[in-house]
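1. The sequence and its predicted three-dimensional model are supplied below.
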Number of protein chains: 2
Amino acid sequence: MRRPPAVEVVAIGDELILGDTIDTNGAWLGQRLGEEGIRVVRRAVVGDDEASIRIAISEALIRTGIVLCCGGLGPTPDDRTRPVVASIYGWPVEIDEAWVSIIRDRFAMRGMTMPLVNRQQAEVPRGAVLLPNEVGTAPGLILDRQGLGITVLLPGVPRELRWLVEHRVLPWLTPKLEQTRSAIHRRVVRTTGLAESAVAERIADVSTDLDPLTLAFLPVGIGIDLRLTSWGDIPDDEANRLLDAAEARIRERLGRHVYGSGRDDLAEVLGMRLRDRHWTVATAESCTGGLVAKRLTDAPGSSDYMLGGVTSYANEVKAAVLGVPETTLAQHGAVSERTVQAMLDGIVRLMHADCAIAITGVAGPGGGSADKPVGSVWIAARTPARNRQRQLSLFGSRAEIRDRAAQAALKLLLDMILTEEG
Amino acid sequence: MRRPPAVEVVAIGDELILGDTIDTNGAWLGQRLGEEGIRVVRRAVVGDDEASIRIAISEALIRTGIVLCCGGLGPTPDDRTRPVVASIYGWPVEIDEAWVSIIRDRFAMRGMTMPLVNRQQAEVPRGAVLLPNEVGTAPGLILDRQGLGITVLLPGVPRELRWLVEHRVLPWLTPKLEQTRSAIHRRVVRTTGLAESAVAERIADVSTDLDPLTLAFLPVGIGIDLRLTSWGDIPDDEANRLLDAAEARIRERLGRHVYGSGRDDLAEVLGMRLRDRHWTVATAESCTGGLVAKRLTDAPGSSDYMLGGVTSYANEVKAAVLGVPETTLAQHGAVSERTVQAMLDGIVRLMHADCAIAITGVAGPGGGSADKPVGSVWIAARTPARNRQRQLSLFGSRAEIRDRAAQAALKLLLDMILTEEG
């Protein structure tokens, strides 16, 4: 049984330890290296002090022989990764004058003089490979010494780290691992509208019959993601065949509750269906305050279908701009089936859209009543053929209620379109 | 010199190692424990396998004697933290029938029968302290044994972890550490509109004269945060006095570029100024697609000032709803000073708002031209007294350009209001 090569990641920075910065590099490296058949088996996060950096890297080298370090390559005195790692390898540090010139030229191009401190970023332990960084001033470095192992140094800025991994590190690293390499394969099936326990129930028999694949449930706030993984111990083609079969069985059991796979966003999936049909869409939002419109325009090219929307936060705007009758607001309230329907009618009239979404509700934490507690939301959607309304009782924080209401409304419209196609 | 007590955090879960889930618990624990004078010195992230969990926890216990573990307390077979930790302590695991009853009652209240697998969540190593969890089915556990140290087990779900830390762990842990405890004090000053190097230049002399405080620059996409830290080696009142003085000097140098402190959000800061003046606001957005309206309604109580907005993504909506003249769009284009001004006028007319924000631009990645490349954005703002327009040349991804355009527009309106007050 083959096993993918194992590496460890060490993230360095007081801001990570203090909690000012959330470490996103670790998750990205786990995914990206896994795609190449390189398994991250452990991450460590340490502060900027030399002892912590030294211990974390030394321990990781002993365990796996390959360590990726993120952070501590900046131009200031608290950036200590370079000298600490050089001392682990017993290599003296030298200034790479060619890299100094490159940094100086970059500053000059912006009409600036390179601050002296930036020379520090051209320090290279003798024997290390310098990885030119085209998107920042700190180059990556690779230290590789028989008996000690491989240490890769990367800047902590996510954009620079990702660029260096793609363009410099993987091309260098993967050929060295070729003999043992077998990719981790992953498949994520995205669902919304069912609780975790309901998803589990529907796929109970599938989930006990997946060996050697594993299945994990990942609640993501606006739904449940199901992750199927092949861990690199079977050949690529067999892994893909098993994953295809497992995904098909899961999709069959969960039907319309599956809206996509991988990193698909529901708004983008909806956008593709709208584009297929040459339909336009518009939004009328109260409690979500523009979130649905924002999500519908997250995708490049969304102008193919998105006309626009109205955030009618105040009742006067619901009345004056969307034409919700004052009597409806007075008799039924802003959070009611009548109001959401009138908002939907209003936005279609105003923007001449083929499809539309409307939302009104109580996002909280204030504004709830016995009759309409926090989390009471009405959503509505329209296609050229019909209208649908639905009442939701959502739980969670203000942000969670808004996220879930937006997700449910996007899903309502998508389901209506798919039903009409089906 | 006193030093705050040190702890390590071990986060457990294949989803963290594979990168499906970004670890947010680590950052939260770093902040929250730091506030209590407990310093997290290291985090480790490992997968669900027993050997990795055992090694990570054992090593951490040897180094600091206090470990907080997050994750692996669920009801499924891949949740192994409890038995692994019990075996480190040499304690047998027993079912706590009282906790089983509590879980069963919770299911019953929702009209459901407790699945048998949930009994696993009531497993308690003999000698451990069970921490009742009022927001989930997995209780926290504390194992404390002379010579070995303290291990705290917490569920990985952020909401449950945070609740247990606040209500169960800190009340148990802090009295034990009282003798040596001295809080880490932090102060974050939030700036926007200046590059990192420009911020550094303006506060150069302040930043070299802070000892024993430290200063860090944290680029956060929509600005630069400055973090001042006192590391717990001076008394609380002295730390606060030094932080006050340093913050005052930084604010004096950076003036209006400082929009808040701590976790202040610019939209919320603007909202408070609007509320003070009893002014209303409305938005007209093209490339940001509703993001500014969404941000203005993120804060509870924003209905005090937010009337609503129009997302005019299509030119027809700019013309029909906001009244931008067709000739303006034809002669100057959708991304122009004339158009942004007409959008601003239109939204004020439509919603009768005292203040307004308008944005139009090229968020990319497509749609750019030699004349108006990706990142070309016009923003405009209005108070009852005047109008302002500004042209921006932004860089980054589509999401970054949208975030930065929204931030700049919110800042423009805030600056106008502050100038009128000043």
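-> Right, received. Where do you want to start?
2. Now for the residue nearest to A:G71 when sequence neighbours are not counted, how many residues are close by?
-> Of all residues beyond its chain neighbours, the one nearest A:G71 is A:G156 (3.2 Å), with distances taken as Cβ to Cβ, 6 or more residues apart in numbering or on different chains. From N, CA and C alone the C-beta is placed, and that goes for glycine too. Using other Cβ atoms under 10 Å in any protein chain shown, A:G156 has 23 neighbouring residues.
3. cool, and A:A385?
-> A:A385: 9 neighbours (other Cβ under 10 Å).
4. And the pLDDT for it?
-> For A:A385, the model assigns a pLDDT of 94.
5. Could you measure from it over to B:D237?
-> Separation of A:A385 from B:D237 (Cβ to Cβ, to the nearest Å) stands at 70 Å.
6. quick one, what contacts the residue nearest to A:Q391 when sequence neighbours are not counted?
-> Leaving aside its chain neighbours, A:Q391 sits nearest to A:W378 (5.7 Å; criterion: Cβ to Cβ, 6+ apart). Contacts for A:W378 (Cβ atoms under 8 Å, 6 or more residues apart in numbering or on different chains) come out as A:V335, A:S336, A:E337, A:T339, A:V340, A:I359, A:T360, A:G361, A:Q389, A:R390, A:Q391, A:L392.
7. tell me which residues form a beta bridge with A:W378?
-> Per DSSP bridges, the residues bridged to A:W378 are A:T360, A:Q391.
8. The residue nearest to A:G71 sits in which helix or strand?
-> Secondary structure from DSSP states H and E places A:G156 outside every helix and strand.
9. A:L29 against A:E8, yeah?
-> No: A:L29 is beyond contact range of A:E8, at 10.4 Å (criterion: Cβ atoms under 8 Å).
10. shared neighbours of those two, anything?
-> With contacts taken as Cβ under 8 Å, 6+ apart, the residues that reach both A:L29 and A:E8 are A:V40, A:L68.
11. Weed out the non-buried ones from the contacts of A:W378.
-> A:V335, A:S336, A:T339, A:V340, A:I359, A:T360, A:G361, A:Q389, A:L392 (16 or more other Cβ atoms under 10 Å in any protein chain shown).
12. Pick the one among those residues closest to A:T113.
-> Comparing these against A:T113 with Cβ to Cβ places A:I359 closest, at 53.4 Å.
13. by contact count, what packs against the strand or helix carrying A:K294?
-> Applying DSSP H and E as the criterion places A:K294 in helix A:291-296. Applying 3 or more Cβ pairs under 8 Å, 6 or more residues apart in numbering or on different chains; DSSP states H and E, we find helix A:291-296 packed against helix A:266-277, strand A:281-285, strand A:306-312, helix A:398-421, helix B:291-296.
14. and these, which one is worst for confidence?
-> Mean pLDDT is lowest for helix A:398-421 out of the helices and strands packed on helix A:291-296, coming in at a mean of 93.
15. Which strands or helices does that helix pack on?
-> Counting contacts by 3+ Cβ pairs under 8 Å, 6+ apart, helix A:398-421 packs against helix A:266-277, helix A:291-296, strand A:355-361, strand A:376-382, strand A:387-393.
16. Mind doing that once more with 10 Å?
-> With contacts defined as 3 or more Cβ pairs under 10 Å, 6 or more residues apart in numbering or on different chains; DSSP states H and E, helix A:398-421 has these neighbours: strand A:258-261, helix A:266-277, strand A:281-285, helix A:291-296, strand A:355-361, strand A:376-382, strand A:387-393.
17. report the angle between the axes of the last one and strand A:355-361?
-> Pointing back at strand A:387-393 there. Strand A:387-393 and strand A:355-361 are oriented at 30 degrees to each other (axes from the mean of the first three to the mean of the last three Cα atoms, to 10 degrees).
18. Determine how far strand A:387-393 lies from the middle of the whole chain.
-> The chain centroid and the centroid of strand A:387-393 are separated by 29 Å, computed with Cα atoms, centre = their mean, to the nearest Å.
19. which residues of the stretch 201-350 of chain A fall in helices?
-> A:204-207, A:236-254, A:266-277, A:291-296, A:315-320, A:326-332, A:337-351 (DSSP state H, counting those that start in this stretch).
20. anything in the third one near chain B?
-> No: contact of helix A:266-277 with chain B is not found when judged by Cβ under 10 Å from any Cβ of the partner chain; the minimum separation is 10.5 Å.
21. on that earlier part again, tabulate the helices and strands packed on helix A:291-296 (JSON lines), appending distance to B:P219 and mean neighbour count.
-> JSON lines is the format used below for the helices and strands packed on helix A:291-296 (distance: least, Cβ to Cβ, whole Å; neighbours: other Cβ atoms under 10 Å in any protein chain shown):
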{"stretch": "helix A:266-277", "distance to B:P219": "28", "mean neighbour count": "19"}
{"stretch": "strand A:281-285", "distance to B:P219": "32", "mean neighbour count": "33"}
{"stretch": "strand A:306-312", "distance to B:P219": "30", "mean neighbour count": "31"}
{"stretch": "helix A:398-421", "distance to B:P219": "24", "mean neighbour count": "20"}
{"stretch": "helix B:291-296", "distance to B:P219": "19", "mean neighbour count": "30"}
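22. mind putting the ones you listed in JSON lines, distance to B:D371 included?
-> Listed next are the helices and strands packed on helix A:291-296 as JSON lines, based on distance: least, Cβ to Cβ, whole Å:
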{"stretch": "helix A:266-277", "distance to B:D371": "27"}
{"stretch": "strand A:281-285", "distance to B:D371": "29"}
{"stretch": "strand A:306-312", "distance to B:D371": "24"}
{"stretch": "helix A:398-421", "distance to B:D371": "35"}
{"stretch": "helix B:291-296", "distance to B:D371": "25"}
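23. for these, which one sits closest to B:L266?
-> Closest among the helices and strands packed on helix A:291-296, using Cβ to Cβ: helix B:291-296, at 8.0 Å.
24. ok so, going back, wouldn't the residue nearest to A:G71 be in contact with A:T81 here?
-> Yes: using Cβ atoms under 10 Å, A:G156 makes contact with A:T81 at a distance of 9.4 Å.
25. shared neighbours, the two?
-> Residues touching both A:G156 and A:T81 (Cβ atoms under 10 Å, 6 or more residues apart in numbering or on different chains): A:I12, A:G13, A:C69, A:C70, A:G71, A:G72, A:L73, A:G74, A:A138.
26. coming back round to it: the helices and strands packed on helix A:291-296: which one's closest to B:V93?
-> Proximity to B:V93, assessed across those by Cβ to Cβ, is greatest for helix A:398-421 (34.4 Å).
27. relative orientation of that closest one and strand A:281-285 in degrees?
-> Using the same axes, to 10 degrees: helix A:398-421 against strand A:281-285 is 150 degrees.
28. Please identify the residues of the stretch 51-200 of chain A in proximity to chain B?
-> A:52, A:55-56, A:59, A:63, A:74, A:76, A:78, A:107, A:110, A:112, A:115, A:117, A:157, A:159, A:184, A:186, A:188, A:197, A:200.
29. buried stuff in stretch A:165-172?
-> With burial defined by 16+ other Cβ under 10 Å, the residues of stretch A:165-172 counted as buried are A:V165, A:R168, A:V169, A:L170.
30. In helices only, show me the residues you listed.
-> By the criterion of DSSP state H, membership of these in helices covers A:L170.
31. which one of the buried residues of stretch A:165-172 sits closest to B:A370?
-> Proximity of the buried residues of stretch A:165-172 to B:A370 (Cβ to Cβ) peaks at A:R168, which lies at 31.8 Å.
32. Pass me the low-pLDDT residue ranges in the stretch 301-422 of chain A, would you?
-> Low-confidence segments of the stretch 301-422 of chain A, defined by pLDDT under 70: A:421-422.
33. interface residues of it facing chain B?
-> Contact residues, the stretch 301-422 of chain A versus chain B (Cβ under 10 Å from any Cβ): A:301-303, A:305-318, A:320-322, A:350-353, A:363-367, A:396-400, A:402, A:406.
34. Count the residues that sit near A:A183.
-> A total of 19 residues lie near A:A183 under the criterion other Cβ under 10 Å.
35. Good, we can wrap up now.
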